[in-house]
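1. Structure here, sequence nowhere to be found:
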């Protein structure tokens, strides 16, 4: 009898066992350390990430599209843009300041050496703790990003990532969860068709520039977000560099039906 | 005793030149030297040789003025140099002066070496205070009798330094202040001041012999106080209120009435550990293990001294492999971190030949940063500064310090030079926000700037000469121009009109037209 009890204690019931195995598989795949912790599996990274609150994207219109009105520390955020020069970095910059308030270092991984900090300074981001990294090869870039994401002092890791092997992104995801910072990736819009390890994916579409409108109009579409079923959601934003405003474009009122207009 | 090395930066350069001692005729044919450094008003001459003085060059002269004296292209400069030659009545042709930038660190280091070398005459030797020392002090009390008295010691020093191609002037007095003044402003190359006679020797010397600042010297000159004797005639009590405390203190120090703290140069015991092998080794695991053992030993020594490691060099004895160097952001005693860095650097190292031994040396040490904890603080509370230091160390080791940078904005209007990148491992300068444009102007700068502007193909122009179609997309809006004219001191003038082009496809470009060539260039993207 006692032996049976001991055996029963030692071997959990099949449902628990399946859950545990599922959670372990998730860890191995690097998808969900958080999911594992909710199932009672301890992880060295659990305490660091779980104790943190949500961070704003810096734009209330984008926050409203997210399930808990913000992003969680340890996330990889992907910005997908069809062309370079469409103003996506201005939108991403808005989220840098809230992230740096928690962890002060901003790591910019820029192999080309073409990052210009003046615009960031103009948008109110201090460059005193900016770590400008210029890796010479792809392998060095992947390693550098991983190191930055894993460091608890780095709040934002900023990467222009055009072509990346899936495994690299997986490693970055695990590193970001360990470090608790935000990884901001800029990728071409063609990557939208590929599966991604990023927790949040935005697709940016520049709208045709209007001569009479000051600034630039950009459509931002939520492609996917951790913790939310795919419902889509998009907003249009007006970005004005001169005034420093990023405004939601006010939508037009629904047109009055001809019948009602006729007073019927 | 004071040993003065007149025009020390110049002497150091000449003494370090390889080859035997030049003959007197060859020495006469040596080119004149001009050493310059950055001063308040740009580059200025700090020291120049006597041959350079024949050109009319003197210390304090702006470098631009020196260049104008040299016969480069202009005939006016030639005429000026001829005038100088006539004025100085020199018949032989003047050699063109060699311009060298001052290196005060190297000057000081060499002087420190000489002070250590002087330990054979006395156990106490040191450098004079100040940013650019030119003299060494020696406390020869009791040791002069070993070298045939004070004169014998002074002559021997002079001879030994002459062998090293270094000229000196020596003065021996009761006080360091008097010895300094007499060696610098006295007539004899070797001056021996009898005990208690320094007041009489110092009297006819100019007030500059008291090591006073330029301001005090000028104030005294206005009152027509030229010599120390004249200064001594002034009421002593009025000196501090009229000229500051420095003057009276220096006067007392020279006359032996006040003590002066001198810092002696001490030989520092090198911090190193070594592991010799019986046979040459190429096995990486063995080398890693030896490194770990040596590091442990080194850290034990450092912990006894309560210091941390800032720079470490690992020599591979008997091998052609370059030594492994580690430079850290902060001094540390963390074995785990140091080992990680060593492995990170050694994994890329190739050992073509066997290593006969490993020598690990602490090149630079410092006080490790210790933060006081609060009573109930968690141990892992605020690990950020240390985590950042470790990250920077790791990145610098793998990528090289020149690829781990911090950015500093400068007040330069030319966009390529607005940002200055400095390695994180270099000392941080405070951010200067003076002269930096307003936030609204900064926001209008692109986030991606090409280091070299790229030629822009403009397919169509509007009536006013602005691009109408670029990259097969029509230009919807043109912002600007922002005229930048600068850089005349770097070479050809930079004359550009910058525009922001918003294309119909939503792309924004930062372009400029060169006002000389009227060519269009793409300089940045509003990514």
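-> Sure, I can see it. Small disclaimer: the values here were computed from a predicted structure and weren't measured.

2. Find the closest residue to chain B in chain A.
-> Going by C-beta to the nearest C-beta, chain B is nearest to residue A:206 of chain A, at 2.3 Å. Heads up, the C-betas are built off the backbone N, CA and C, glycines and all.

3. That residue touches residue A:216, doesn't it?
-> Yes. Counting by C-beta atoms under 8 Å, residue A:216 is a contact partner of residue A:206 at 7.1 Å.

4. so what sits against both of these two?
-> A:87, B:506 (C-beta atoms under 8 Å, 6 or more residues apart in numbering or on different chains).

5. Tally up the residues packed near the residue of chain A closest to chain B, please.
-> As a burial measure, residue A:206 scores 23 neighbours (other C-beta atoms under 10 Å in any protein chain shown).

6. mind listing what residue 207 touches?
-> This is for chain A. Taking C-beta under 8 Å, 6+ apart as the test, what residue A:207 contacts is A:217-219, A:236, B:506.

7. wait, chain B
-> B:217, B:220, B:225-228, B:231.

8. Also residue A:168?
-> With C-beta under 8 Å, 6+ apart, residue A:168 has these contacts: residue A:142.

9. Off-centre distance for whichever helix or strand it is part of?
-> Assessed by DSSP states H and E, residue A:168 sits inside helix A:166-179. Here helix A:166-179 is found 12 Å from its chain centre; the criterion is C-alpha atoms, centre = their mean, to the nearest Å.

10. ok, now stretch A:85-104?
-> So, by C-alpha atoms, centre = their mean, the centroid of stretch A:85-104 is 11 Å from its chain's centroid.

11. buried ones in that stretch?
-> For stretch A:85-104, burial by neighbour count (16 or more other C-beta atoms under 10 Å in any protein chain shown) applies to A:85-100, A:102-104.

12. what pLDDT does the closest residue to residue B:472 other than its chain neighbours get?
-> Once flanking residues are discounted, residue B:472 sits nearest to residue B:459: 7.0 Å by C-beta to C-beta, 6 or more residues apart in numbering or on different chains. Note on residue B:459: pLDDT of 88.

13. Check the one 4 residues further on too.
-> According to the model's per-residue confidence, residue B:463 sits at a pLDDT of 87.

14. Could you look up the SS state of it?
-> Here residue B:463 is coil, with the state taken from DSSP: H, G, I helix; E, B strand; the rest coil.

15. among the buried residues of stretch A:85-104, which are in reach of chain B?
-> A:85-90, A:93, A:103-104 (C-beta under 8 Å from any C-beta of the partner chain).

16. need the contact list for residue B:258.
-> B:249, B:252 are the contacts of residue B:258 under C-beta under 8 Å, 6+ apart.

17. measure it to residue B:305 for me?
-> 35 Å (C-beta to C-beta, to the nearest Å).

18. same question, residue B:409
-> Applying C-beta to C-beta to residue B:409 and residue B:305 gives a distance of 40 Å.

19. higher neighbour count, those two?
-> Each of residue B:409 and residue B:305 has its neighbours counted (other C-beta under 10 Å); residue B:409 has more, 19 against 10.

20. Wait, residue B:186 touches residue B:172, no?
-> No. Using C-beta under 8 Å, residue B:186 makes no contact with residue B:172, being 11.3 Å away.

21. Mind listing what's buried along the strand with the most length in chain B?
-> In terms of residue count, the longest strand belonging to chain B (DSSP state E) is strand B:473-486. Within strand B:473-486, the residues that qualify as buried by neighbour count (16+ other C-beta under 10 Å) are B:473, B:475-480, B:482, B:484.

22. Then stretch B:145-152?
-> B:147, B:150.

23. likewise stretch B:408-417?
-> Those buried within stretch B:408-417 under the rule 16+ other C-beta under 10 Å are B:408-409, B:412, B:415.

24. Strands of the stretch 51-200 of chain A, residue ranges please.
-> A:76-81, A:105-109, A:130-133, A:154-160, A:182-188, A:200-206 (DSSP state E, counting those that start in this stretch).

25. I meant the stretch 201-350 of chain B, not that one.
-> Under DSSP E, counting those that start in this stretch, the stretch 201-350 of chain B gives strands at B:271-281, B:308-317, B:324-332.

26. Which of those sits closest to chain A?
-> strand B:324-332 (11.4 Å).

27. Packing partners of the longest strand of chain B?
-> On a contact count with 3 or more C-beta pairs under 8 Å, 6 or more residues apart in numbering or on different chains; DSSP states H and E, strand B:473-486 meets strand B:467-470, strand B:494-503.

28. Show me the domain layout of the chain.
-> You didn't say which chain, so I picked chain A. A:2-43, A:54-248 (automatic domain parsing).

29. To clarify, I was referring to chain B.
-> B:1-7+B:102-195, B:8-101, B:203-258, B:271-397, B:445-525.
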